[in-house]
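In: A structural model of the following input is requested.
(chains A and B)
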Amino acid sequence: MDREIDIAERKIKIDKAANLPRIDAYVADQQYRDQTLSSFNASQNGYAFGLLGSWDIFDGFSSRGQKIFDTATLDSQRVARDQLVLQIEGEVREAYTRLLTAQATIQAQVANQKIAEESVKLARVSADSGYATLLDVLQATLDLTASRSDLIRARQLYLDAMADLEHAISLKFVDWPSNTAAIRADTDATTAVPAFPPPPEAAPAPASPATSAAAPTLAPPVEAVPTPTPAAAPPALHP
Amino acid sequence: MKKPLGCLLVFFLAALGVRADAVPHTLTLRQSLALALDHNPELRTASTAFLSAEGRDIQLHAILYPTINAQAISTPLIFYVQIQQTFYSHATMPQLRLSRLTHEQAFLNYRQALFDVAFQVRQAFAIALGAQETAALGRELIEKRQTAYKTGQNLFDAGQLQRGNVLPLQVLVNLAQQNEMLDVLAEQQGVLALAQAIGVDLPDSVRLEGSLDDNGPTKLDVGALSAQALRDRQDLQLLENAKLSADQQIEIDLKNAWPTVGFESDSAIQPPAYITGGTSAYDLERNYNEPETQRVAGNTQLPISLYMDWTFYDGGNLRGVKTAEKALIASQEVAIDALKRSIPGEIASAVTSIESERSTLQLLGDQTPPSDVEKDATVDYDAGRVRLLDKVNLETDIVRQRQLRLASQIRLSLALAALDHALGRGLEAPRSAPAH
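Out: The predicted structure follows:
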């Protein structure tokens, strides 16, 4: 987009040059026949070199109109750049927010699932001993199912957000050395609870504030994918 | 909103008066429209079309003016001054008509962009406001469940309740908190979508103020509304204008098929040569048939000629141009027909949605008010007729009912915005170019 703006700016310069005088140099070998004769015998020969100046003094304001037209094109290119910046910021912010929410949700939901499992056990015991009804067991089971399905949804949300964030900032997190090391270290982990991301200032500093918020140290939620080191900035980025 | 058309007009007129440079912490629909008017990229791009049309207008009017060119060569020193003025060209009137159409097209384009942006902002605002209210309902549910959990915990501590009865309450609190996180996420996504529609970077903490549209027009006749839309839709007018412009462009491109008559002067001024004798004193580009005696330095000619250009045969080039441009016009006619056919469908869809949501809201409104149900539940619980868990479940159902009503209101609001957009109404466009 910056290149297109540059091109548009240069077009305006070209438009401005349309009404300026122009000077060319020329060299010519000339032969002029005497037009009263049919042969070239009496023709005049000679070399010529010199300067040729030309100037479009007035063109009916055509070049002025072209300049205004190209100025409008430049303006629209600048607007398009602003739009693109805003769109990228929006994409990054949206994916990052989803990622944070998914992380928090997963963390809460893992704990909630344990409570729900315990609740089901207790409800069954109570029902067996006559202190609770079958409806209570069903309700506890329903809560456990809801808790599990919410956890699955949160993981899906996390992975979607991760993919969108990677797409938005054109970087792939798992390719970073710190993440790779973390993956190796946590290969055997079975219940890896994802860590909260570092604050934005701890992230490596890409071009815009929005992308700086997108720290590449976000942990995948699933157990198979480990938590990377939060504060480690990648030594090299692989777009 | 009682009268969407009138209110939107008020919004727009208010927006013209509001210069919202700083993003406020609270945002109304009116402020959102004002911000969008200043910052929306689509509108800003459309506003550059005015400048573009001005440039094109100047170019198209150039046919009315003479052109003056000057040339000078140094060896021998000769000045040429060429003046050309077209008296008659087949392209003159089409160019002037195209100039007018270009201005109209820029204006229609801006109006269309304005309608689109207003529609997008209304939609985004309704969704964001709905998400904000949904999140508030979620927080209310959390508070209720937390209160119930504390009560249960106290009863458990007092030995009046078993742990098996307290744990479900805790699970419910956690589930509500989980849902609240998702609601907050939806709220932030709504704000981001609104920021995109407005064209500014809104903070997540911005609060939206206002209410969701829930009334709209009472009489919804699809046939009448379709006829109105066919009359008022800006995009339809824009396409028809583009077709008219293409008609004129054909005439301009085929101008050489008709004679062009004009005046031309190709004056040559040869000042006295500073090199005496020889061929260098001759004007080498002319005077070929002049007597030798006139071939002297300092010679000057001021010819004036009336010319006529007329291309009789160009190998089929003009015919090819004409065929290509006719094809373009045919495609524009197809687009106009397609748009005309799609308009009744858009309106019918919006009307159906409005009627459906109104029926849903009517059904929900006929139910017992949630406050009465909650009151009865509290009385029953205090009297020991229902358990704490049952009371919590009842409260959950009440909140869900309110959420259903809210969701229906959001859909109704979106459908009303869609109807306004399909009708091509709701905003009064400015009479002059915007100051972007």
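In: Quick check: next helix or strand after the longest helix seen in chain A?
Out: For chain A, the helix with the greatest residue count under DSSP state H is helix A:62-128. Next along the chain after helix A:62-128, taking DSSP states H and E as the criterion, comes helix A:134-169.
In: Show me what that following helix is packed up against.
Out: Judged by 3 or more Cβ pairs under 8 Å, 6 or more residues apart in numbering or on different chains; DSSP states H and E, the packing partners of helix A:134-169 are helix A:62-128, helix B:163-198, helix B:388-423. C-beta: built from backbone N, CA, C; applies to glycine.
In: mind listing what's buried in that helix?
Out: A:136-137, A:139-140, A:143-144, A:146-147, A:150-151, A:153-155, A:157-159, A:161-162, A:164-166, A:168-169 (16 or more other Cβ atoms under 10 Å in any protein chain shown).
In: right, is the helix or strand hosting residue B:247 up against chain A?
Out: In this assignment (DSSP H and E), residue B:247 forms part of helix B:234-253. No: figure legend: helix B:234-253 not in contact with chain A (Cβ under 8 Å from any Cβ of the partner chain); closest approach 14.1 Å.
In: next structured bit after that helix?
Out: Counting by DSSP H and E, what follows helix B:234-253 is strand B:260-269.
In: That next one pairs with which strands, parallel or anti?
Out: Each strand paired with strand B:260-269, and its direction, by DSSP bridges: strand B:78-88 (antiparallel), strand B:300-301 (antiparallel), strand B:305-309 (antiparallel).
In: Contacts made by it with the rest, please.
Out: By Cβ atoms under 8 Å, 6 or more residues apart in numbering or on different chains, the surrounding residues in contact with strand B:260-269 are B:78-90, B:283, B:285-286, B:300-310.
In: Please tell me how far it is from the chain's geometric centre.
Out: 49 Å (Cα atoms, centre = their mean, to the nearest Å).
In: returning to what we had before: for the longest helix of chain A, the distance to its chain's centre please.
Out: With Cα atoms, centre = their mean, you get 13 Å for helix A:62-128.
In: Could I get the helices and strands packed on helix A:134-169 in TSV, plus columns for mean pLDDT, distance to residue B:56 and mean neighbour count?
Out: Shown next, in TSV, are the helices and strands packed on helix A:134-169 (pLDDT from 0 to 100; distance: least, Cβ to Cβ, whole Å; neighbours: other Cβ atoms under 10 Å in any protein chain shown):
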stretch	mean pLDDT	distance to residue B:56	mean neighbour count
helix A:62-128	89	6	20
helix B:163-198	86	30	23
helix B:388-423	87	29	20
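In: give me every residue that touches the residue nearest the centre of chain B.
Out: Among the residues of chain B, the one closest to the centroid is residue B:113, at 2.6 Å (Cα atoms, centre = their mean). Contacts for residue B:113 (Cβ under 8 Å, 6+ apart) come out as B:42, B:43, B:45, B:46.
In: just for chain B, where's the confidence low?
Out: B:1-24, B:214-215, B:271-299, B:426-436 (pLDDT under 70).
In: what does chain A give?
Out: A:35, A:173-239.
In: Mind splitting it into its structural domains?
Out: A:2-77, A:94-213 (automatic domain parsing).
In: For the biggest strand by length in chain A, buried residues please.
Out: The longest strand of chain A (DSSP state E) is strand A:44-58. Residues of strand A:44-58 classed as buried: A:48, A:50, A:55, A:56, A:58 (neighbour count, 16+ other Cβ under 10 Å).
In: Out of the residues you listed, flag the one nearest to residue A:21.
Out: residue A:55 (4.1 Å; Cβ to Cβ).
In: Surely that closest one and residue A:22 touch.
Out: Yes: under the criterion of Cβ atoms under 8 Å, residue A:55 makes contact with residue A:22 at 7.0 Å.
In: give me every residue that touches residue B:358.
Out: Residue B:358 neighbours (Cβ under 8 Å, 6+ apart): residue B:412.
In: Chain neighbours aside, what residue packs nearest to the residue nearest the centre of chain A?
Out: For chain A, the residue nearest the mean C-alpha position is residue A:168 (3.7 Å; Cα atoms, centre = their mean). Once flanking residues are discounted, residue A:168 sits nearest to residue A:91: 4.0 Å by Cβ to Cβ, 6 or more residues apart in numbering or on different chains.
In: residues touching the one you found, list them.
Out: Counting by Cβ under 8 Å, 6+ apart, residue A:91 has contacts A:164, A:167, A:168.
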